[in-house]
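Engineer: Build me a structure from this.
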Amino acid sequence: MSTKETTHQQSTHQQSSNNNKYQQSNYISNINKKPETIVDYKYICIKKDHFDVNMVQLNYANINYTNHIEINYKSPSIFLEGLFFKTPPISGNSVSIYHKENNSNNITIKLLLNQKEHPQFIQILRSIDEHISGYINKFSTEIENILQNNIHTDTTLSFNIPNTIKYINMNDRSLSMFKYEQIIKYNYHRSGYNNENIKNNDEKIDTYQIYLKSYLDRNTILELEKKMDKKYSFTFNISNIYLSNNSLLPLIKCNRCDVIDVM
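Structural biologist: Sure, this is the predicted structure:
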């Protein structure tokens, strides 16, 4: 066999080997490729198109000590302590700011959503409300037993646990005394026809409202109060369902607001 033929065979063998390595590497890469995530990590938010209410997990087990029902989101690819969302664009005219008792650090943000522009997002929040209500009804007996039996007979233990007396006084009541406050509520005052609807002969549009506990900076709050002709998107999370004085109240915290560019 000539030297030229030997060199050609070695080159062909080397090329075949490289092809096999490339195919094997590509195969392994495809095996290890992660499925599309359901979370937007830029905002740590659940993507609305991938949201599944069946992944919402509730846990009343520690209500005796924490005074709330835990709420988490667990899917095959992610676990979140709380539900994190980013709203669709909302007009500045649909945002209201409330200062509790003239306290600039205790601010509530009210958002108005309408069925025409935000149907998917409204449906997601309503499905969470239904899921929570169903859970409370399903485990009402168990929760009721915890509330009624939440009395520490060991006085030494009681005084060594901070706020024990407070929890006893609050929880020594019937579950029927607590009303579940929905995350999103139908807005009876703004739904239906208004003057602009009648003027333009528009169809009836149902609106809904959601209240957020604000953790935004002062400059952002001042801009929102001006009700400027802009669109905003709010990032918020639903962390727990608390037993307040007479309600089961979802804690909804807003920690980010972005101005949306409208083309």
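
Engineer: R256 sits in which helix or strand?
Structural biologist: strand 247-260 (DSSP states H and E).

Engineer: same question, F85
Structural biologist: strand 83-86.

Engineer: Can you dump the C-alpha atoms of that strand in PDB for me?
Structural biologist: What follows is strand 83-86, C-alpha atoms only, in PDB (Å, rounded to 0.1, in the frame of the first residue of the first chain):
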ATOM      1  CA  LEU A  83     -46.500  33.400  44.100                       C
ATOM      2  CA  PHE A  84     -44.600  36.000  42.000                       C
ATOM      3  CA  PHE A  85     -46.200  37.800  39.200                       C
ATOM      4  CA  LYS A  86     -45.700  40.800  36.900                       C
END
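
Engineer: for the record, mean pLDDT for it?
Structural biologist: Mean per-residue pLDDT for strand 83-86: 92.

Engineer: likewise stretch 146-158?
Structural biologist: When pLDDT is averaged over stretch 146-158, the result is 52.

Engineer: quick one, phi/psi of P76?
Structural biologist: Per-residue torsions, P76: phi -60, psi -20 (degrees, to the nearest 10).

Engineer: what's the neighbour count on it?
Structural biologist: 8 (other Cβ atoms under 10 Å). Bear in mind the C-beta positions are built from the backbone N, C-alpha and C, glycine included.

Engineer: Correct me if wrong: E181 contacts I252.
Structural biologist: No: judged on Cβ atoms under 8 Å, E181 makes no contact with I252 at a distance of 10.2 Å.

Engineer: which one of those two has more residues nearby?
Structural biologist: Of the pair E181 and I252, I252 is the one with more neighbours under other Cβ under 10 Å, namely 21 against 16.

Engineer: Enumerate every residue touching that one.
Structural biologist: Residues in contact with I252 (Cβ atoms under 8 Å, 6 or more residues apart in numbering) are 183, 210-213, 236-238.

Engineer: and I90, what pLDDT?
Structural biologist: I90 carries a pLDDT value of 95.

Engineer: Please report how far it lies from E81.
Structural biologist: To E81, I90 is 26 Å away according to Cβ to Cβ, to the nearest Å.

Engineer: For D206, give me the backbone phi and psi.
Structural biologist: For D206, the backbone dihedrals (degrees, to the nearest 10) come out as phi -80, psi 140.

Engineer: Identify the residue spatially nearest to it, adjacent ones excluded.
Structural biologist: Leaving out its chain neighbours, the residue that sits closest to D206 by Cβ to Cβ, 6 or more residues apart in numbering is Q115, at 4.4 Å.

Engineer: just checking, that neighbour touches T207?
Structural biologist: Yes: the pair Q115 / T207 is scored as a contact, 7.2 Å apart, by Cβ under 8 Å.

Engineer: Tell me which of the two has more neighbours.
Structural biologist: Using other Cβ under 10 Å, the more surrounded residue of Q115 and T207 is T207, with 21 against 14.

Engineer: What's opposite the more buried one in the beta bridge?
Structural biologist: Under DSSP bridges, the beta-bridge partners of T207 are N114.

Engineer: Would you check how far apart it and R256 are?
Structural biologist: T207 is 23 Å from R256, where distance means Cβ to Cβ.

Engineer: in its sheet, what does the strand holding R256 sit against?
Structural biologist: In its sheet, strand 247-260 lies beside strand 179-180 (parallel), strand 207-214 (parallel), strand 231-243 (antiparallel), with partners assigned from DSSP bridges.
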